[in-house]
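> Quick one, what's the 3D model for this:
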Amino acid sequence: MVNAILTPPVRLLVVDDEPDLESLIRQKFRKKIREGNYNITFAGNGQQALEVLDQDDGIDVILTDINMPVMDGLTLLARLAERDGLYKSVVISAYGDLDNIRTAMNRGAFDFITKPIDFADLEITIEKTISEVHKLKQGLEATRNLIAVQHELQVASRIQESILPKTFPPFPDRHDIEVFATMTPARQVGGDFYDFFFIGEDRLAFVIGDVSGKGVPAALFMAVCRTLIKATALHNDCPDTCLNYVNRLLCGDNASDLFVTVFYGVLDTKTGEVTYSNAGHNPPYWVRRNGTPPSPLQNQGGIVLGVMPEATYVKTTITLAPGECLFLYTDGVTEAMDKDRHLFCDTRLEEHLAQSCALPLDEMALGLARGIEAFTVNYPQHDDITMLAVRYKG
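Numbers count the residues shown, from 1 in each chain. Predicted coordinates for the structure are as follows:
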C-alpha cells in the first residue's frame, strides 16, 4: 500500500521518552524497515524532535507523545505549526485524555491514537497519514507547476508583444500616410497578428491575420505566419503571389493542423492605389469622408492559409482618395458579446466608422475599443480583438 501512495522509504519520526517504545516499533515494523518502505528516526522529547527536523527536511510523519520532559508534545505541535514542513503529525495520548487530545488537534495534529498502543490501529493510522502527506505534496507540486506555466505564459506574452509593431506613429517623417494598430488578446497570448512595413520607398505593405485556436499553439503559429509573410513580401511585393507561396509553405509543415485567415495589401503612397489579396479574412472596410458609408471591400480571395496546398489567391486593386482609409479587424471585434450573448456585430462597427471617419486613426481604433468594452460591460472576452487602420493622406 505504501508503494502506491508515496515513494519509499516513508520517513517517520517517533517522539517519546519511553525507552521500550523504540524496540517495540522496530519489531512491529521490521518487515517494512527491511524492505525499505519505512525509515524510522527516534527522539526522546520535543526539543530533540525539532533538532532532527532542522537536520532532515524529508520527514513525512511525526508520531509524538504528549507528556515528555524538556519539551512536551503540545508545545512541539505549536512549534511545528510555525514551520512550513511537508509533514503530518499524529498524537499518542493516554486513553481518556480528551482535553489534551482536543488541544493537540487544535494545534494541527492530523490524528491521534491512545495508549496502550494498538499496533494494528497504529499501522492503519500511519498509512492514512501517509496518504494525506502524499496529497499535500501533490498539491504543492501542482501549485509549483501552475506558477511555472504562468511564468512561461508571461514570457510568451512579452515575446509576442515585442514582435508586433507598437510604436505610433511608426513613420514620423512620412506625411503621406497614417497607420495605427492595436491587439488585445483574450488570453495571455493570442493568435491574432498584424504588421506593416515598407517595400521600397513608396510601397507600404500591411497585413492582419487570425490563427484558429487559442493559447500558446496559436501564438507560435501566429509568429511563424507573420515571419513567413514578411520574409516573402520583402522579395515579392505582389500580394497574391506572396499568399500562394506562404500557403504552400504552411501546408508542407503543419503538423498542428492549425490554419490562419490573412488579409495582405500594398499601398502605393504616391497614388493611393491599394493592391490586396484575401485568404479567408473579414473584408476590411473602406472608410471615406465624402458622406459615403463605410463599406467592406469586395471579397474575391481564397480560402484560409495552411489547409490546401493547391489553393490559389487572386489580387484586387482599388484607389484611395486622400484622407480615405482602410480599417482591418479580426472577428473578435464584431463577435464581442454582452451578457445576453448579443454580438457587437457589423452594424455597430459601421456606425462607429462612419462617425469617426475624420478622426486620427488612433482615436478611431481606441474609440471603437471603448465602445466594445461599454457594450460587453465586462462580460469575459472570448476572442482576440485586433484592429489595423491605414490612411492615404496624399
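
> Name the residues that touch stretch 276-283?
Applying C-beta atoms under 8 Å, 6 or more residues apart in numbering, the contact partners of stretch 276-283 are 208-210, 239-240, 242-243, 247, 260-266, 296-305, 313-318, 329-331, 334. To be clear about C-beta, it is placed using only N, CA and C from the backbone, and glycine gets the same treatment.

> quick one: terminal-to-terminal distance for it?
In stretch 276-283, first residue to last residue: 11 Å (C-alpha to C-alpha, to the nearest Å).

> let's have the chain start at 103 instead
Yep, numbering from 103; the last one is stretch 378-385 now.

> Among the contacts of stretch 378-385, name the buried ones.
Buried members of those, counted by 16 or more other C-beta atoms under 10 Å: 310-312, 341-342, 344-345, 349, 362-368, 399, 403-404, 406-407, 415, 417-418, 431-433, 436.

> any idea which element residue 364 lies in?
Remark: residue 364 resides in strand 362-370, with elements defined by DSSP states H and E.

> What's the mean pLDDT across that strand?
Averaging pLDDT along strand 362-370 yields 97.

> Residue 200: neighbour count?
By other C-beta atoms under 10 Å, 9 other residues sit near residue 200.

> Can you list phi and psi of it for me?
Dihedral pair for residue 200: phi -70, psi -30, per degrees, to the nearest 10.

> and if you look at residue 174?
According to degrees, to the nearest 10, residue 174 has phi -80, psi 170.

> Isn't it up against residue 166?
No. Using C-beta atoms under 8 Å, residue 174 makes no contact with residue 166, being 9.1 Å away.

> Those two: which is more packed in?
When residue 174 and residue 166 are compared for neighbours, residue 166 comes out ahead with 27 against 18, by other C-beta under 10 Å.

> who touches residue 404 in this structure?
345, 379-382, 413-416.

> Is it bridged to anything, and to what?
With beta bridges defined as DSSP bridges, residue 404 has these partners: residue 381.

> Next one: it from residue 376, what distance?
Distance from residue 404 to residue 376, counting by C-beta to C-beta, to the nearest Å: 18 Å.

> try residue 361
25 Å.

> Surely residue 450 forms part of a helix?
Yes. Checked against DSSP: H, G, I helix; E, B strand; the rest coil, residue 450 lies within a helix.

> what residues are up against residue 194?
118, 165-168, 175, 214-217, 219.

> Which residue ranges of the stretch 103-252 of the chain form helices?
Here the stretch 103-252 of the chain has its helices, by DSSP state H, counting those that start in this stretch, at 104-107, 121-130, 132-136, 148-157, 175-183, 200-208, 221-265.

> which helices and strands sit right next to the longest one?
This points to helix 221-265. Applying 3 or more C-beta pairs under 8 Å, 6 or more residues apart in numbering; DSSP states H and E, one finds that helix 221-265 contacts helix 104-107, helix 121-130, strand 163-167, strand 190-196, strand 213-217, helix 317-335.

> Could you do the fourth one as well?
Packing contacts for helix 148-157, counted by 3+ C-beta pairs under 8 Å, 6+ apart, involve strand 112-117, strand 140-145, strand 163-167, helix 175-183.

> Relative to residue 225, which of these is closest?
Residue 225 lies closest to strand 140-145 among these, at 10.2 Å (C-beta to C-beta).

> Now that closest one: buried residues?
Using 16+ other C-beta under 10 Å as the test for burial, strand 140-145 gives 140-145.
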